[in-house]
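Participant: Structure of the sequence below:
(4 chains)
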Number of protein chains: 2
Amino acid sequence: MEAEKKPKPSVFDADCSARDALELIASKWAILILGALGEQPMRNGAMLRKIGGISQKMLTQTLRQLECNGLVLREDHGTVPPQVVYRLTPLGGTLNEALAGLDRWAEANFPALDAAREKYLAAQCESTRR
Amino acid sequence: MEAEKKPKPSVFDADCSARDALELIASKWAILILGALGEQPMRNGAMLRKIGGISQKMLTQTLRQLECNGLVLREDHGTVPPQVVYRLTPLGGTLNEALAGLDRWAEANFPALDAAREKYLAAQCESTRR
DNA sequence: CTGTATCCTGTATGATACTG
DNA sequence: CAGTATCATACAGGATACAG
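Facilitator: A predicted model of the protein is given here:
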């Protein structure tokens, strides 16, 4: 029970898989896509409309990444025209709950951030004036 | 009470401050720095050691950003040699709690991600073989 | 509709060297 | 110790055109 040999896999370790996991979800598009799918399963076009500012490229790219890591399920109904539905996997669902807290925080506290930024920049400006 | 005029500020809106807030914290370095400071106030050097792989440049840059937005407080004791301590503000503390959930998720579920990825890539490879 | 393939530019970030 | 300045580069991500 030496504290010495404690492997201690943590996000703070540069070469830990946990860090990789963190980087995967530390992306605004990933967070928004998971958030959207958390509300309900959706198709490509619907997400394009739901998530303001995302491009088709980033949507596809991020979805593939999430699918690859088992967070999102891609259901291709193989019809013509194509009907592809994306939904969260159970694992993705658990992540989405942690993420939802973030979204809520952002929506609740951005006024405080804006205020702090303005104050900071004002002080900055004043000190520059001498 | 028309549903029509509902402003509905949401992270899904491209030009909403909430989105800006989200982008601010959707950065691996910001998440890690806040996580480190959540454990205890720390100095530059300590964070450099604590957070594996971060460069002095990114550390300073991200800290300034967080400070500017009122999430981190910078205490310069004005001594020689310099003693600069960083700590979370109350606002930063609330964010850190939401973020801590993410860190925990990453550390708990990265094995599942790794497994899914391996499986996905294997299937990928197989389909490419024909 | 749901993508994929290219091209192209800005930005993010690391390395390195220097300063108070 | 705590930064700042500069340079070089890789990559993110947009625009556009094409395809099944």
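Participant: quick one: which helix or strand includes the closest residue to residue A:48 other than its chain neighbours?
Facilitator: Residue nearest to residue A:48 in three dimensions, not counting chain neighbours: residue A:59, with 6.2 Å by CB to CB, 6 or more residues apart in numbering or on different chains. In short, each C-beta sits where N, CA and C put it, glycine included. Following DSSP states H and E, the helix or strand that holds residue A:59 is helix A:56-68.
Participant: Quick one: list the elements packing against that helix.
Facilitator: helix A:28-39, helix A:44-50, strand A:72-76, helix B:90-128 (3 or more CB pairs under 8 Å, 6 or more residues apart in numbering or on different chains; DSSP states H and E).
Participant: what about 7 Å?
Facilitator: Based on contacts counted as 3 or more CB pairs under 7 Å, 6 or more residues apart in numbering or on different chains; DSSP states H and E, the elements that helix A:56-68 packs against are helix A:28-39, helix A:44-50, strand A:72-76.
Participant: what mean pLDDT does it have?
Facilitator: On average, the pLDDT along helix A:56-68 is 97.
Participant: what does chain A put close to DNA strand C?
Facilitator: Selection of chain A residues close to DNA strand C by CB under 7 Å from any atom of the strand yields A:43-45, A:56-57, A:60, A:64, A:74, A:76, A:81-84, A:86.
Participant: Also near DNA strand D: which of those residues, exactly?
Facilitator: Contacts with DNA strand D within the residues of chain A next to DNA strand C, counted by CB under 7 Å from any atom of the strand: A:56-57, A:81-82.
Participant: biggest separation within the residues you listed, which pair?
Facilitator: The span of these, defined through CB to CB, is set by A:57 and A:81 at 20.5 Å.
Participant: more neighbours, those two?
Facilitator: residue A:57 (8 against 4; other CB atoms under 10 Å in any protein chain shown).
Participant: Lowest-scoring secondary structure element of chain A by mean pLDDT?
Facilitator: Sorting the helices and strands of chain A by mean pLDDT, DSSP states H and E puts helix A:90-128 at the bottom, at a mean of 91.
Participant: Might one say that residue A:12 is in contact with residue B:50?
Facilitator: Yes. Residue A:12 sits in contact with residue B:50 when judged by CB atoms under 7 Å, with a separation of 6.0 Å.
Participant: neighbour-wise, which of those two wins?
Facilitator: A count of neighbours by other CB under 10 Å puts residue A:12 above the other of residue A:12 and residue B:50, at 23 against 18.
Participant: Which of the three states applies to that one?
Facilitator: coil (DSSP: H, G, I helix; E, B strand; the rest coil).
Participant: got the contact list for it?
Facilitator: Counting by CB atoms under 7 Å, 6 or more residues apart in numbering or on different chains, residue A:12 makes contact with B:32, B:50-52.
Participant: Pull out the buried residues from those residues.
Facilitator: Neighbour-count burial (16 or more other CB atoms under 10 Å in any protein chain shown) applied to the contacts of residue A:12 gives B:32, B:50-51.
Participant: near chain A, which of those residues show up?
Facilitator: Residues of those in contact with chain A (CB under 7 Å from any CB of the partner chain): B:32, B:50-51.
Participant: on that earlier part again, doesn't residue A:46 make contact with the residue nearest to residue A:48?
Facilitator: No. In this structure, residue A:59 is not within contact of residue A:46 by CB under 7 Å, at 10.7 Å.
Participant: about what we covered before: can you list the contacts of residue A:12 in JSON lines and add distance to DNA strand D and pLDDT?
Facilitator: Shown next, in JSON lines, are the contacts of residue A:12 (distance: CB to the nearest atom of the strand, whole Å; pLDDT from 0 to 100):
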{"residue": "B:32", "distance to DNA strand D": "16", "pLDDT": "97"}
{"residue": "B:50", "distance to DNA strand D": "12", "pLDDT": "97"}
{"residue": "B:51", "distance to DNA strand D": "13", "pLDDT": "97"}
{"residue": "B:52", "distance to DNA strand D": "17", "pLDDT": "96"}
